[in-house]
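# What follows is a predicted protein model with its sequence.
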Amino acid sequence: MKTLLRYLLRPTLVRRVTMVMLLAFALMWMIMIGNFYYGFKRGDTDDARRMAWAGELLAVVGRYTGDGKVRLAAEVTSNRLNSSSNLANGTGDYVLQVSYPDGRVLYLSPQAEGVAVDNGAPGPHPLKLHGQRYRAYAVSSARWRLAVARQVPDLATDFRRISANLALIAFLTLPLMLVPLWIAVARGLRPLRSLSQSIAARGPDDLHPLVNPTSYEELLPLTGSLDRLFAQLRAKMEREHAFVADAAHELRTPLALIAAQAHVLVKAPDGAQRSDAERQLEHGIARASHLIAQLLALAHVDSDEQRALADIDVAALVRHELALLAPAAFARRIELSLEAPDVLMHRLEAHALRSILHNLVGNAIGYVHQGGQVALELATSNGALTLTVTDNGQGIAPAQRDLVFERFYRGQRQDAHGAGLGLAIVRQACARQGGSVTLAAGAGGVGCRFTVTLPGAPAPRPPSERASLAGATPTKP
């Protein structure tokens, strides 16, 4: 029983469309009831038409000669009126009274039971008969005066009568409408079921576009969205496969170096060879560690996980990160400089900005010649944060400026220590926050100039509410 109930109550498009049509049918039925009732009430209170009808009855009764024939004609007319009234599901009893011009009554319907229907007034008039409301219409001729009274039904009676008549019609016509409707809706949804079955029959790695998906215009948006989704998934999987292949290729070299130097270290006959093997082993381990750290950083900024934004003092964060990079710059006698306001509040993701800073400044320190310069500028314009990193190194050729942002691309400087992932991380970190990074020549056409733009409205706060960064006090480099 519960299974049947769950089956009947489960949401389906066929049932939903059918129920909507049934509700529309019920609304139409109610409108028809209202329309019929309004027409009935309007006709029931049409005194002019009723007076003309009373005149016709007088003509029928008065065409006979002799009191007996007139009385018989009046009786037959009264019986026929009440018979038709009963056949019409009780629209009201009729009472007739035929009188002489002097007021003497010739005929009175038995329903009146001696109560006069005609009050002598011309035209229509209300009448109370045995507790029921009637409306009487009196007309006169040269020989006779006829008064016909019709019982006035109440609202409930009218409504029940009209509803019963229309309910019978609806009961007879509903199956004729419901069955074709159910078949039409079920057949109309067949292409959707076929589409779902074809998708379910696919293999886990089949992301090719749908073949002849549908000819129905209503399903074209769905199939188009599915094809776009498949294309996005294919592109993502291709990127992931390429990334894994490139990562495996890049890790092969330091791992091979580590294995070779470990073998040399074990087999070295003297201390000089062991020392050289140790240095090479440390170099391979450092290179592998750096590559793994870069891969993890790229996976972090490349994930779809949405991280919370916060109002951060960007100037303080940049000074703090430059303080961490200052020892590496000092070791190569590279001058680091920062031009920024004392306080610059902006809403962004702090981890992404740290990745941008470490990779841009770290690349500049690694590639600029000893004694070079690396200058940073921090500002806002039209609500967007702009970070510029400029160096006076050997620069990058215009033809390679787009390629350096690709993963594992090192350009012409193969001697530098790096995995070719730093600028790819920068680009992805900017994209996560709806920003961008561009590369151009430095001042005077020397070196490189990286410009990072991160949109978002700056949110200044009082100094007491500034965000603390890792619990450390920012230090100027």
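Thanks, I have it. Numbering: from 1, shown residues only.
# drop to CA atoms for contacts and neighbour counts, all remaining ones
Fine.
# quick one, helices of the stretch 301-450 of the chain?
Along the stretch 301-450 of the chain, counting by DSSP state H, counting those that start in this stretch, helices occupy 314-331, 350-367, 422-432.
# For Q132, find the nearest of these.
Judged by C-alpha to C-alpha, the one of those that comes nearest to Q132 is helix 422-432, at 83.8 Å.
# quick one: that closest one to chain centroid distance?
31 Å (C-alpha atoms, centre = their mean, to the nearest Å).
# Which secondary structure elements does it sit against?
helix 271-302, helix 350-367, strand 436-441, strand 448-454 (3 or more C-alpha pairs under 8 Å, 6 or more residues apart in numbering; DSSP states H and E).
# Need the ones you listed in a markdown table (columns: mean pLDDT).
Output for the helices and strands packed on helix 422-432, formatted as a markdown table (pLDDT from 0 to 100):
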| stretch | mean pLDDT |
| --- | --- |
| helix 271-302 | 71 |
| helix 350-367 | 86 |
| strand 436-441 | 90 |
| strand 448-454 | 92 |
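# Point out where the stretch 51-200 of the chain drops to low pLDDT.
Applying pLDDT under 70 to the stretch 51-200 of the chain flags residues 84-92, 153-159, 162.
# and the helices of the stretch 301-450 of the chain, which is most packed in?
Greatest average neighbour count among these goes to helix 422-432 (a mean of 23), per mean count of other C-alpha atoms under 10 Å.
# tilt between it and helix 350-367?
Put simply, helix 422-432 runs at 150 degrees to helix 350-367, going by axes from the mean of the first three to the mean of the last three C-alpha atoms, to 10 degrees.
# what angle sits between helix 422-432 and strand 436-441?
140 degrees.
# Only alpha carbons, please: show helix 422-432 as CSV.
Extracted C-alpha coordinates of helix 422-432, given in CSV (Å, rounded to 0.1, in the frame of the first residue of the first chain):
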residue,chain,number,x,y,z
GLY,A,422,55.3,30.5,-11.3
LEU,A,423,53.6,32.7,-13.9
ALA,A,424,50.9,30.0,-14.6
ILE,A,425,50.1,30.3,-10.8
VAL,A,426,50.0,34.1,-11.1
ARG,A,427,47.6,34.0,-14.0
GLN,A,428,45.3,31.4,-12.3
ALA,A,429,45.4,33.3,-9.0
CYS,A,430,44.4,36.5,-10.8
ALA,A,431,41.6,34.7,-12.7
ARG,A,432,40.2,33.3,-9.4
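# what angle separates that helix from strand 448-454?
20 degrees.
# State the mean pLDDT of helix 422-432.
When pLDDT is averaged over helix 422-432, the result is 83.
# how is this protein carved up into domains?
12-41+160-188, 46-153, 217-299, 308-465 (automatic domain parsing).
# right, and the helices of the stretch 301-450 of the chain - which one's nearest A112?
helix 422-432 (93.7 Å).
# still on that earlier bit, for the helices and strands packed on helix 422-432, give me a markdown table that also has distance to E240.
Output for these, formatted as a markdown table (distance: least, C-alpha to C-alpha, whole Å):
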| stretch | distance to E240 |
| --- | --- |
| helix 271-302 | 10 |
| helix 350-367 | 21 |
| strand 436-441 | 22 |
| strand 448-454 | 26 |
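# one step back: of the domains of the chain, which is nearest L207?
Minimum separation from L207 across the domains of the chain (C-alpha to C-alpha) falls at domain 217-299, 5.2 Å.
# Which of the helices of the stretch 301-450 of the chain sits closest to E377?
helix 314-331 (9.9 Å).
# helices and strands around the closest one, which ones?
In terms of contacts (3+ C-alpha pairs under 8 Å, 6+ apart), helix 314-331 is packed against strand 335-339, strand 345-348, helix 350-367.
# so A138, which of the three states?
strand (DSSP: H, G, I helix; E, B strand; the rest coil).
# N363 against A424, yeah?
No - with contact defined as C-alpha atoms under 8 Å, N363 does not reach A424; the gap is 12.0 Å.
# now V264, nearest residue through space, not along the chain?
A277 (6.2 Å; C-alpha to C-alpha, 6 or more residues apart in numbering).
# Please work out how many residues are found near that neighbour.
Each residue near A277 was counted by other C-alpha atoms under 10 Å, and the total is 22.
# Poorly predicted segments of the stretch 301-450 of the chain, please.
For the stretch 301-450 of the chain, the ranges with pLDDT under 70 are 301-308, 408-420.
# Packing partners of the helix ranked longest in the chain?
Across the chain, the longest stretch assigned as helix under DSSP state H is helix 220-267. If you count contacts as 3+ C-alpha pairs under 8 Å, 6+ apart, helix 220-267 packs onto helix 271-302.
# Please give the element, helix or strand, for L146.
Using DSSP states H and E, L146 falls within strand 145-151.
# Return the distance of that strand from the chain's centre.
Computed by C-alpha atoms, centre = their mean, the chain-centroid distance of strand 145-151 equals 67 Å.
# Next: stretch 319-335.
50 Å.
# and what of stretch 66-82?
Counting by C-alpha atoms, centre = their mean, stretch 66-82 comes out at 75 Å from the chain centroid.
# again with stretch 61-77
Per C-alpha atoms, centre = their mean, the centroid offset for stretch 61-77 relative to its chain is 78 Å.
# Stretch 265-274 now?
Per C-alpha atoms, centre = their mean, the centroid offset for stretch 265-274 relative to its chain is 69 Å.
# can you give me the strands for the stretch 1-150 of the chain?
94-99, 105-108, 123-129, 132-140, 145-151 (DSSP state E, counting those that start in this stretch).
# can you list the ones you listed in a markdown table and add mean neighbour count?
What follows is those, written out as a markdown table (neighbours: other C-alpha atoms under 10 Å):
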| stretch | mean neighbour count |
| --- | --- |
| strand 94-99 | 24 |
| strand 105-108 | 19 |
| strand 123-129 | 17 |
| strand 132-140 | 21 |
| strand 145-151 | 25 |
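# Could you dump these into JSON lines and include distance to R160?
What follows is these, written out as JSON lines (distance: least, C-alpha to C-alpha, whole Å):
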{"stretch": "strand 94-99", "distance to R160": "20"}
{"stretch": "strand 105-108", "distance to R160": "31"}
{"stretch": "strand 123-129", "distance to R160": "23"}
{"stretch": "strand 132-140", "distance to R160": "18"}
{"stretch": "strand 145-151", "distance to R160": "17"}
